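Asker: Turn this into a structure:
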Amino acid sequence: MGCKVEDLVGEDVPSLEDGTSVQEAARLMAMRNVGSCVVTRGGQVVGLFTERDLLAHVVAEGCDPTALSLGEVCSRHLVSVDHRVTCRQAVIKMRSHRCQWLLVYRRQRFLGLVNLTDLAYTLASRGRPTDMLVNAVGGATLAVAVGVIVMLLIQLPDLLSFLGQVRVH
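Answerer: Alright, predicted model coming up:
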């Protein structure tokens, strides 16, 4: 069975209202040891706040994290996929949108996030059936070739003896 994004949805992604301070979000992310949190408004996802947002929009700008809300600094151009999308399709979508996170939905219900690192690891650790078939055929071909060479080497003394008895007239 192929890899589906719903199998990789992060279970422990915190969600916070968009009015929450950046300081509070950073504290929660550090406490849970996660690199992002979902930003909501009235129960609906409106953004994603990541470590990159913290660095680029708060630290690099010299802003006070207690004075900024998540809604002011979170990423809003989010890319989402249906839960039935394959891991390979998800990676292609991430590449075309130049993103590292996908929001995963089942109909209108938000299930969670999938990140590029988890997708890459999963795809690398699962051998594709076509790769396994190619390896099996290649291995069988090699075994047959080695068998033929061994048979020829075993028959070589008899073949040389036979050739020595045949004279050219």
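Asker: any idea which helix is longest in the protein?
Answerer: For the chain, the longest helix by residue count, based on DSSP state H, is helix 129-165.
Asker: Now that one: average pLDDT?
Answerer: Taken as a whole, helix 129-165 has an average pLDDT of 72.
Asker: Stretch 23-39 too?
Answerer: Mean pLDDT, computed over stretch 23-39, is 93.
Asker: Endpoint to endpoint, it covers what distance?
Answerer: One end of stretch 23-39 sits 14 Å from the other (C-alpha to C-alpha, to the nearest Å).
Asker: most centrally placed residue in the chain?
Answerer: For the chain, the residue whose C-alpha lies nearest the mean C-alpha position (C-alpha atoms, centre = their mean) is L119; its distance is 1.4 Å.
Asker: Which element, helix or strand, includes it?
Answerer: helix 116-125 (DSSP states H and E).
Asker: Give me the contact list for that helix.
Answerer: With C-beta atoms under 8 Å, 6 or more residues apart in numbering as the contact definition, helix 116-125 has outside contacts at C3, V5, L8, G10, C87, R88, A90, V91, M94, C99, Q100, W101. C-beta: built from backbone N, CA, C; applies to glycine.
Asker: and it, what's its mean pLDDT?
Answerer: Summarised as a single mean, pLDDT over helix 116-125 is 84.
Asker: again, but for stretch 71-78
Answerer: Across stretch 71-78, pLDDT averages out at 93.
Asker: who touches stretch 52-63?
Answerer: When contacts are defined by C-beta under 8 Å, 6+ apart, stretch 52-63 is touched by residues V22, A26, P65, L68, E72, V73, C74, S75.
Asker: The helix or strand where L113 lies pairs with which strands?
Answerer: Here L113 is covered by strand 109-115, with elements defined by DSSP H and E. In the sheet containing strand 109-115, the strands it pairs with under DSSP bridges are strand 101-106 (antiparallel).
Asker: what comes up buried for the strand it pairs with?
Answerer: Taking 16 or more other C-beta atoms under 10 Å as the neighbour-count basis, strand 101-106 is seen to contain the buried residues W101, L102, L103, V104, Y105.
Asker: what inclination does it have with respect to helix 116-125?
Answerer: In terms of direction (axes from the mean of the first three to the mean of the last three C-alpha atoms, to 10 degrees), strand 101-106 departs from helix 116-125 by 80 degrees.
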